[in-house]
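**Q** Provided below for reference: sequence and predicted model.
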Amino acid sequence: MPQRRSSPSILPLALVALGVLLILGAGGWYYYQVLSPSQVLQSTSPIEEENYSAVARVSLADAKAAYDTGSAVFVDVRSAESYAQSHITGALSIPLGEVPDRISELSPSDWIITY
């Protein structure tokens with residue numbers, strides 16, 4: 001009786017294909033969660049720009065000079081989580097949504113620089 005030749009198993013090929021899919025999925029997740037440009041660069045909408053067009057802009061050089069001399073109060077209007085990650089030393093944390101309720105913490109006579 002002739003011996004029957006066994007066909008090669010597709011299990012190793014299936015495992016390699018599964019590994020490639022997992023690596024591609026992990027890479028996509030990493031890009032989406034960590035490197036996604038939409039999360040890094042958030043542009044201001046034109047409507048928001050119109051609402052604040054009367055607010056004076058401060059150049060980086062002027063802000064640095066004010067920081068060095070202590071002539072301005074810096075207010076970080078980002079989320080509390082962002083403030084906890086890093087912030088300007090001495091800056092107050094007042095998230096943008098809380099500004100109307102916490103405006104009394106700021107003196108109108110101070111030069112207030114928000115970021």
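**A** Sure, I can see it.

**Q** domain ranges for this structure?
**A** 11-39, 56-114 (automatic domain parsing).

**Q** what's the most buried one of those domains?
**A** domain 56-114 (a mean of 12; mean count of other CB atoms under 10 Å). To be clear about C-beta, it is placed using only N, CA and C from the backbone, and glycine gets the same treatment.

**Q** tell me the mean pLDDT for that domain?
**A** For domain 56-114, mean pLDDT rounds to 93.

**Q** how far does that domain stretch from start to finish?
**A** Start-to-end span of domain 56-114 (CA to CA, to the nearest Å) is 11 Å.

**Q** output the lengthiest helix in the chain as PDB - backbone C-alpha positions only.
**A** Secondary structure of the chain read by DSSP state H shows that its longest helix is helix 11-30. What follows is helix 11-30, C-alpha atoms only, in PDB (Å, rounded to 0.1, in the frame of the first residue of the first chain):
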ATOM      1  CA  LEU A  11      -1.400  26.700  10.700                       C
ATOM      2  CA  PRO A  12       2.100  28.300  10.600                       C
ATOM      3  CA  LEU A  13       0.900  30.500   7.700                       C
ATOM      4  CA  ALA A  14      -2.200  31.500   9.600                       C
ATOM      5  CA  LEU A  15      -0.200  32.400  12.700                       C
ATOM      6  CA  VAL A  16       2.200  34.600  10.700                       C
ATOM      7  CA  ALA A  17      -0.800  36.400   9.100                       C
ATOM      8  CA  LEU A  18      -2.300  36.900  12.500                       C
ATOM      9  CA  GLY A  19       0.900  38.300  13.800                       C
ATOM     10  CA  VAL A  20       1.200  40.800  10.900                       C
ATOM     11  CA  LEU A  21      -2.400  41.900  11.500                       C
ATOM     12  CA  LEU A  22      -1.700  42.400  15.200                       C
ATOM     13  CA  ILE A  23       1.400  44.500  14.500                       C
ATOM     14  CA  LEU A  24      -0.400  46.600  11.900                       C
ATOM     15  CA  GLY A  25      -3.300  47.100  14.400                       C
ATOM     16  CA  ALA A  26      -0.900  48.100  17.200                       C
ATOM     17  CA  GLY A  27       0.800  50.600  14.900                       C
ATOM     18  CA  GLY A  28      -2.500  52.100  13.800                       C
ATOM     19  CA  TRP A  29      -3.600  52.400  17.400                       C
ATOM     20  CA  TYR A  30      -0.300  54.000  18.400                       C
END
